[in-house]
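Student: With the sequence up front, the predicted model follows.
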Amino acid sequence: MSRWKRSVGEEYIDFADDLTGYPPQSGWAKWVGGAVLPLLPLWGAINCWVTQKGFFPGYSGRGSGHGFSRYDLTGTQAIILGFLLLGIAAFLHFHYFWGNSRKLSPFMEFGKIISGLLAVGCILYLYWFMWYDLFGNVM
């Protein structure tokens with residue numbers, strides 16, 4: 001089936017399926033995907049921890065022209081966002097770097113599970129906090 005005729009949901013499923021298996025076996029995937037790419041979310045995590053400020057990007061259909069908005073986080077919520085970014089960085093490192101190392105490959109799945117649970121737990125907490133902040137006063 002053509003890439004242009006596939007539904008968006010199928011692409012997300014294929015992407016998630018790729019992350020559950022083994023990474024491409026190459027030095028490029030190991031060093032770029034496993035060492036360089038995780039530095040981006042790690043930098044964001046350190047920034048959230050030091051400044052105790054962060055944000056969730058979003059989309060708003062109304063507002064100032066372009067439609068993009070953001071939900072600012074401070075204090076504890078920014079620190080939790082930092083742990084979410086740490087979980088993403090660790091997941092990428094375990095998947096691409098450990099998955100391409102002969103000695104570390106047996107431990108790749110454990111690292112991916114732990115970092116995935118960290119990221120999902122942080123996402124659930126942050127969405128609960130945002131939901132309560134937005135709608136908690138109504139109830």
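Tutor: Sure thing, it's come through.

Student: Can you give me the buried ones in stretch 45-64?
Tutor: 45, 47-49, 52, 54, 56 (16 or more other C-beta atoms under 10 Å). Bear in mind the C-beta positions are built from the backbone N, C-alpha and C, glycine included.

Student: gap between it and the chain center?
Tutor: Distance of stretch 45-64 from the chain centroid (C-alpha atoms, centre = their mean, to the nearest Å) equals 14 Å.

Student: again with stretch 38-50
Tutor: 12 Å.

Student: Now that stretch: average pLDDT?
Tutor: Averaging pLDDT along stretch 38-50 gives 97.

Student: ok, and what's touching it?
Tutor: 54, 73, 78-79, 81-86, 88-90, 92-93 (C-beta atoms under 8 Å, 6 or more residues apart in numbering).

Student: just to revisit the earlier point, so which of the buried residues of stretch 45-64 comes closest to W28?
Tutor: A45 (24.8 Å; C-beta to C-beta).

Student: That closest one: helix or strand, and which one exactly?
Tutor: Per DSSP states H and E, A45 falls inside helix 39-51.

Student: Between all of the contacts of stretch 38-50, which two are separated the most?
Tutor: The span of the contacts of stretch 38-50, defined through C-beta to C-beta, is set by L73 and H93 at 24.2 Å.
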